[in-house]
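Novice: build the 3D model from these lines:
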Amino acid sequence: MGNVDRCDKTLPLNEMIFYVRRDAALRARWLSDLAGLAREFGLSAAEYEALRDKDVRRLHDLGVHQYYVPQILRLFFGASGNANTHPALEAYHRAYPAEAAQAMKLQDELRRREG
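Specialist: Numbering: from 1, shown residues only. Purely as a prediction, here's the structure:
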């Protein structure tokens, strides 16, 4: 998954998220004009496509800060409310299927122990 050491501090998408999460007008544009917003911040085609596709693995691979990825998903889907079926969590499951399966297996084992 993400790693702070692999974060690309020069990546325009990191800068964009820094500002979008703090500005209501930019958050509104996120939902209505993501492509325009991406152009204004100078995102590359690869950054925009990973963002548009909500592709967690590609976002990490591009150097998006690991703490920004969940914030990106919240901007698209809202807060998860700790639901295992929330679209934000499903994005992680698609990006990291082996890790997700391992986590679900551990969660099931813990439930059985408590049970």
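Novice: how about the spatially most central residue of the chain: what's its closest non-neighbour residue?
Specialist: Per CA atoms, centre = their mean, the C-alpha nearest to the average position across the chain is that of residue 69, at 2.9 Å. Residue nearest to residue 69 in three dimensions, not counting chain neighbours: residue 59, with 5.4 Å by CB to CB, 6 or more residues apart in numbering. Just so you know, the C-beta spots here come from the backbone N, C-alpha and C atoms, and that holds for glycine as well.
Novice: remind me what whichever helix or strand the residue nearest to the centre of the chain is part of packs against, helices and strands.
Specialist: If you go by DSSP states H and E, residue 69 is part of helix 68-77. Helices and strands in packing contact with helix 68-77 are listed as helix 12-20, helix 24-32, helix 56-62, helix 87-95; criterion 3 or more CB pairs under 8 Å, 6 or more residues apart in numbering; DSSP states H and E.
Novice: point out where the chain drops to low pLDDT.
Specialist: Applying pLDDT under 70 to the predicted model, the residue ranges of the chain that meet it are 1-5, 80-84.
Novice: in the helix holding residue 69, what's buried?
Specialist: Buried residues in helix 68-77, counted by 16 or more other CB atoms under 10 Å: 68, 69, 70, 72, 73, 75.
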